[in-house]
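> here's a sequence, model it:
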Amino acid sequence: MATSFSNMGRVPELRKRLLFTLGMLAVYRVGVFISVPGVNREVMMHYMQAGQSGFLGMFNMFSGGALEMLSVFALGIMPYISASIILQLLTVVIPSLERLKKEGEQGRKKINQYTRYGTILISLVQGTGISFWLESINAAEGAAAGVVVSGGLLFKVITVVTLTTGTAFIMWLGEQITERGIGNGISLIIFAGIVAGLPDALVQTYSLSTLAGGRLEPMTLVLFAVFAVAVVATIVFFERGQRRIPVQYAKKVVGRKVIGGQSTHLPLKVNTAGVIPAIFASSILMFPQTILNLFPDARWVNWVMSAMVPGELFYNTLYVSLVVFFCFFYTAVTFNPVDVADNLKKHGGFIPGIRAGKRTAEYIDKVLTRITFAGAGYLAVVVVLPTFLQREFHVPFYFGGTSLLIVVSVALDTAQQIEAHLLTHNYEGLAGAGGPRVRGRRG
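Numbering: from 1, shown residues only. Now for the predicted structure:
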């Protein structure tokens, strides 16, 4: 892999894609420092650093630090992800959307268009919630007063329009990266936001040690670092893990040639959904919080806000349930055992000891359900276990299981795409070098 990456700059197309991706991510990071009109960014940063709520830290992490700066990108990419979840759920329920999904490229473009409309609608709702929340902070007593310079209806309208436009721009950036760059643009934007906060998180962690006047012993920090490395290794192990089902192709005699007869395998990933369940679950948990900001004085709102703090029993239970649900849901949406069994049957393939057709589909579905259960369990442990360490040692939220899962998974996916481009380039080079040479006749 190291040798392959050293050759990235030698492939013109790959070099252009990498530079384009880095350029779009740089534009995103610059936009994080552009504040919404009519707010005091310094007061908001003080409010966030005071640790008023663990949930705000999570929201701030996914937005790349845009929330504490009251940036035009404060909503982040989460409205787009929420809209994608809703469209995928509706695809299963509404037959017309299901038909669109099966129409190929044109159907996919139409669904993407609906997702964009849904993103704008959700951004308007969440932007309204944030505008009310900012004014509620401004009205509260204490150091947090003064977040909003001048409130009122005009401030709410400007805030909603600005935040919605910022989310739409991020959505466009992500789509451009996916189409003209390397990797999944939406995932890379979340990845860039998390990575951008890691240096500050490391400094904060060091400040907690006794070497810098804190309460944590150096050995505790070493153990914590070992635990983080172990979590990363676990993520890599499960993300690379596969269950290979043996497949045999029958021999066919065509003229004097014997075609087929080879043995291969059907790879089923232990975690077919990848990092999607964690992102989807986080997005679902974030959406109600902005709705609750519309009713800041209600008693039930205070109860929900106290229960929806990362690390609390109710929050962890709900988070794990959503992760497990989206593991099975996303796998069912993206992988159809019946289609795979039909394709094997059409090409003369079969699983040894299993009858082709319906029995093959049932066998694949059974194996897929088992490994998806294991993958869902692994994701649930990774996203929840580190929260106990955070509550015990008060380490920055960036070292949570969700952030590590996203960073490692997106990095692995991007690295695989880079290797695929390099491999394609090598094959094209061999084909060009070994292809037949045609000489023209002299006139």
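> show me the contacts for His421.
11, 13-14, 17, 182 (C-beta atoms under 8 Å, 6 or more residues apart in numbering). All C-beta atoms are positioned from the backbone trio N, CA, C, and that covers glycine.
> between those, which is closest to Leu223?
Of all the contacts of His421, Leu223 sits closest to Ile182, with 36.0 Å by C-beta to C-beta.
> next, the closest one: secondary structure please.
Using DSSP: H, G, I helix; E, B strand; the rest coil, the structure places Ile182 in coil.
> what's the spacing between it and Phe20?
According to C-beta to C-beta, to the nearest Å, Ile182 and Phe20 sit 8 Å apart.
> neighbour count winner among the two?
A direct count of neighbours by other C-beta atoms under 10 Å for Ile182 and Phe20 places Ile182 higher, at 24 against 16.
> contacts only, for the more buried one.
14, 17-18, 21, 414, 417-418, 421.
> quick check: phi and psi on it?
Backbone torsions of Ile182, given as degrees, to the nearest 10, read phi -120, psi 130.
> for it, give its distance to Ala196.
Separation of Ile182 from Ala196 (C-beta to C-beta): 19 Å.
> can you check Thr21 too?
Counting by C-beta to C-beta - Thr21 and Ala196 are separated by 15 Å.
> of these two, which one has the most company?
Per other C-beta under 10 Å, whichever of Thr21 and Ala196 has more neighbours is Thr21, with 21 against 17.
> rounded mean pLDDT for the strand or helix carrying that one, please.
Assessed by DSSP states H and E, Thr21 sits inside helix 12-31. Taken as a whole, helix 12-31 has a mean pLDDT of 90.
> what are the buried residues along whatever helix or strand comes next after it?
Counting by DSSP H and E, the element after helix 12-31 in chain order, helix or strand, is helix 41-49. Buried residues in helix 41-49, counted by 16 or more other C-beta atoms under 10 Å: 43-44, 47-48.
> and stretch 99-111, by the same measure?
Neighbour-count burial for stretch 99-111, counted by 16+ other C-beta under 10 Å, picks out 100-101, 111.
> now the end-to-end length of it.
Using C-alpha to C-alpha, to the nearest Å, one end of stretch 99-111 lies 11 Å from the other.
> and the contacts of it?
So stretch 99-111 is contacted by 87, 91, 97 (C-beta under 8 Å, 6+ apart).
> switch to 6 Å and redo it
With contact meaning C-beta atoms under 6 Å, 6 or more residues apart in numbering, stretch 99-111 is reached by Thr91.
> roughly how far is it from the heart of the chain?
Centroid separation for stretch 99-111 versus its chain: 23 Å, with C-alpha atoms, centre = their mean, to the nearest Å.
> for the record, mean pLDDT for it?
In this model, stretch 99-111 has an average pLDDT of 82.
> ok, now stretch 229-241?
Average pLDDT, stretch 229-241: 86.
> which among the contacts of His421 end up buried?
Taking 16+ other C-beta under 10 Å as the criterion, what is buried in the contacts of His421 is 11, 14, 17, 182.
> reformat the residues you listed as a markdown table; add distance to Arg29.
Shown next, in a markdown table, are those (distance: C-beta to C-beta, whole Å):
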| residue | distance to Arg29 |
| --- | --- |
| Val11 | 26 |
| Leu14 | 23 |
| Arg17 | 19 |
| Ile182 | 17 |
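> from these, pick the one nearest Thr210.
Nearest to Thr210 among these: Ile182, at 42.9 Å, using C-beta to C-beta.
> check the offset of the helix or strand harbouring Val367 from the chain's centre.
When elements are assigned from DSSP H and E, Val367 belongs to helix 358-393. Put simply, helix 358-393 sits 17 Å off its chain's centre (C-alpha atoms, centre = their mean).
> for it, which residues meet the burial criterion?
Residues of helix 358-393 classed as buried by neighbour count (16+ other C-beta under 10 Å): 360-361, 363-365, 367-368, 371-372, 375-376, 378-380, 382-384, 386-387, 389-390.
> which helices and strands sit right next to that helix?
Counting contacts by 3 or more C-beta pairs under 6 Å, 6 or more residues apart in numbering; DSSP states H and E, helix 358-393 is packed against helix 313-334, helix 337-346, helix 401-434.
> and the helix or strand encompassing Leu89, what other elements does it pack with?
Here Leu89 is covered by helix 78-93, with elements defined by DSSP H and E. Using 3+ C-beta pairs under 6 Å, 6+ apart, the elements in contact with helix 78-93 are helix 95-101, helix 105-139, helix 276-292.
> which residues are in contact with Gly127?
Neighbours of Gly127 in contact, by C-beta under 6 Å, 6+ apart: 160, 163-164.
> coming back round to it: any idea which of the helices and strands packed on helix 78-93 gets closest to Val338?
Taking C-beta to C-beta, helix 95-101 is the member of those nearest to Val338, at 14.5 Å.
> which ones are touching Ile186?
77, 174.
> picking up where we left off before, quick one: the helix holding Thr21 to chain centroid distance?
19 Å.
> among the buried residues of helix 41-49, which pair sits farthest apart?
Val43 and Met48, at 9.9 Å, using C-beta to C-beta across these.
> number of nearby residues for Met69?
The local packing of Met69 (other C-beta under 10 Å) involves 23 other residues.
> which residue packs closest to Glu175, ignoring adjacent ones?
Gly185 (6.0 Å; C-beta to C-beta, 6 or more residues apart in numbering).
> I figured that neighbour was touching Ile177, is that so?
Yes. Using C-beta atoms under 6 Å, Gly185 is in contact with Ile177, at 3.1 Å.
> what stretches of the stretch 301-443 of the chain score poorly on pLDDT?
301-302, 305, 307, 309-311, 386, 388-400, 425-443 (pLDDT under 70).
> can you do 90?
Flagging of the stretch 301-443 of the chain using pLDDT under 90 yields the residue ranges 301-320, 326, 329-358, 360, 378-443.
> other residues contacting stretch 268-278?
By C-beta under 6 Å, 6+ apart, the list of residues contacting stretch 268-278 reads 238, 241-243, 323, 326-327, 330-331, 335, 368, 371, 374-375, 379, 383, 402, 405-406, 409.
> and those, which of them are buried?
With burial judged by 16+ other C-beta under 10 Å, the buried subset of those is 238, 323, 326-327, 330-331, 335, 368, 371, 375, 379, 383, 402, 405-406, 409.
> and Val27, how many residues sit next to it?
Neighbours of Val27 under the rule other C-beta under 10 Å: 13.
> in space, what's closest to it - neighbours in sequence excluded?
Leu173 (6.6 Å).
> count of neighbours near that neighbour?
For Leu173, using other C-beta under 10 Å, the count is 22.
> same check on Ser84?
For Ser84, using other C-beta under 10 Å, the count is 20.
> what about stretch 181-194, distance to the chain center?
Worked out by C-alpha atoms, centre = their mean, stretch 181-194 lies 8 Å from the chain centre.
> i'd like the first residue to be 196 from this point on
That works, and once the first residue is 196, the last one we named lands at stretch 376-389.
> so for that stretch, what gets flagged as buried?
Buried residues in stretch 376-389, counted by 16+ other C-beta under 10 Å: 376-389.
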